[in-house]
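1. can you look at this prediction? I've put the sequence above it.
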Amino acid sequence: MTISLPRGLIVSCQARADNPLHGPAFMGAMALAARDGGAVAIRANGPDDIAAVKAAGLPVIGIHKIFSDEYPVYITPSFAAAEAVVAAGADIVGLDCTTRPRDGVPALALIRRIRQELAVPVFADVSNLEEARAATDCGATYIATTLSGYTAATQSANQEPDLALVEALATRLPIPVIAEGRYNTPALVRHAFEAGAHAVVVGTMITNPREITRQFVAAGVPA
Ligand SMILES: CC(=O)N[C@H](C=O)[C@@H](O)[C@H](O)[C@H](O)COP(=O)(O)O
């Protein structure tokens with residue numbers, strides 16, 4: 001059965017290997033806490049964490065980050081990575097749909113193949129309007145602004161979320177637009193909905209206590 005994303009807050013439960021909260025036990029608990037707090041879906045990375053967050057009973061956007069020295073694309077960069085995500089129980093596959101160089105088939109071909117062979121919705125992480133349009137034409141189910149601020153063309157010292165992109169996408173695309181990346185306060189989440197977002201993904205500011213602690217220390221503790 002195809003699961004769709006309700007309107008609301010999606011919580012990204014991710015912790016890299018160097019984070020003390022790395023691992024499925026912690027991410028599974030994060031997902032339960034997010035569900036109890038009112039989240040409508042969970043984003044999770046890697047088969048083990050995806051399987052663990054399923055216990056919350058919410059739709060799961062699964063990604064599989066695979067880092068390479070040669071290519072900048074790491075969010076579900078291949079069909080095999082998408083297959084692993086679905087095998088672990090993800091309801092929706094998230095993947096990098098930027099035009100950046102990658103190892104293997106281009107993102108647009110990957111979207112088509114995932115839709116046809118795995119029969120799951122595709123959550124396209126993009127950095128601009130052109131990528132969003134191309135991904136939509138290839139059958140993406142959702143478009144997310146996840147990679148705005150993280151490509152060479154969009155990087156900036158400004159750590160603000162790209163609300164202008166949310167608005168541009170929401171007014172031009174026929175499919176739901178998800179705001180993701182640097183939504184670090186409830187007010188910014190509200191602004192994203194006002195800009196036309198169908199849902200908003202928040203990660204760091206809910207599920208990364210190490211980073212939250214750092215920000216309190218940097219901004220609140222006298223030198
Ligand atoms: C660029 C990239 O790799 N973004 C990742 C995507 O899965 C995650 O590291 C982010 O935490 C996620 O997008 C949520 O964003 P924020 O943590 O800013 O709320």
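-> Yes, it's here. Residues are numbered from 1 along each chain as shown.
2. packing partners for the helix ranked longest in the chain?
-> As assigned by DSSP state H, the longest helix anywhere in the chain is helix 24-37. Counting contacts by 3 or more C-beta pairs under 8 Å, 6 or more residues apart in numbering; DSSP states H and E, helix 24-37 packs against strand 8-13, strand 41-45, helix 47-53, helix 204-207. From N, CA and C alone the C-beta is placed, and that goes for glycine too.
3. per-residue confidence for residue 156?
-> Reported pLDDT at residue 156 in the predicted model: 80.
4. how many other residues sit next to it?
-> 9 (other C-beta atoms under 10 Å).
5. where do the helices sit along the chain?
-> For the chain, the helices defined by DSSP H occupy 24-37, 47-53, 79-87, 107-113, 129-137, 163-172, 186-194, 204-207, 209-220.
6. among those, which is the most enclosed?
-> helix 47-53 (a mean of 24; mean count of other C-beta atoms under 10 Å).
7. who's in contact with it?
-> 13-14, 23-25, 27-28, 30-31, 42, 44, 60, 62, 64, 84-85, 87-90 (C-beta atoms under 8 Å, 6 or more residues apart in numbering).
8. among these, which ones lie close to the ligand?
-> Among the contacts of helix 47-53, the ones lying near the ligand by C-beta under 6 Å from any ligand atom are residue 14.
9. just the closest residue of this protein to the ligand, please.
-> residue 203 (2.9 Å; C-beta to the nearest ligand atom).
10. number of nearby residues for that residue?
-> Other residues lying near residue 203 total 21 when counted by other C-beta under 10 Å.
11. again, but for residue 94
-> Quick note: residue 94 (other C-beta under 10 Å) scores 30 neighbours.
12. for it, which residues are in contact?
-> 43, 61, 62, 63, 75, 76, 122, 123, 124, 125, 144, 146.
13. with residue 99 instead?
-> Residue 99 sits in contact with 106, 107, 130, 131, 134, where contact means C-beta under 8 Å, 6+ apart.
14. nearest residue to residue 6 in space, please, no chain neighbours.
-> Leaving aside its sequence neighbours, residue 6 sits nearest to residue 40 (C-beta to C-beta, 6 or more residues apart in numbering; 4.4 Å).
15. what residues does this structure put near the ligand?
-> With C-beta under 6 Å from any ligand atom as the criterion, the chain meets the ligand at residues 12, 14, 63, 75, 146-147, 150, 180-183, 201-204.
16. cutoff 5 Å now
-> Within the chain, the residues that sit near the ligand (C-beta under 5 Å from any ligand atom) are 12, 146, 150, 180, 181, 182, 202, 203, 204.
17. hmm, back to that, my guess is the residue nearest to residue 6 meets residue 61, correct?
-> No. Between residue 40 and residue 61 there is no contact under C-beta atoms under 8 Å: 11.1 Å.
18. more neighbours: the two, which one.
-> Taking other C-beta under 10 Å, residue 40 and residue 61 do not tie; residue 61 has more neighbours (32 against 16).
19. how close does the more buried one get to residue 86?
-> Residue 61 sits 12 Å away from residue 86, going by C-beta to C-beta, to the nearest Å.
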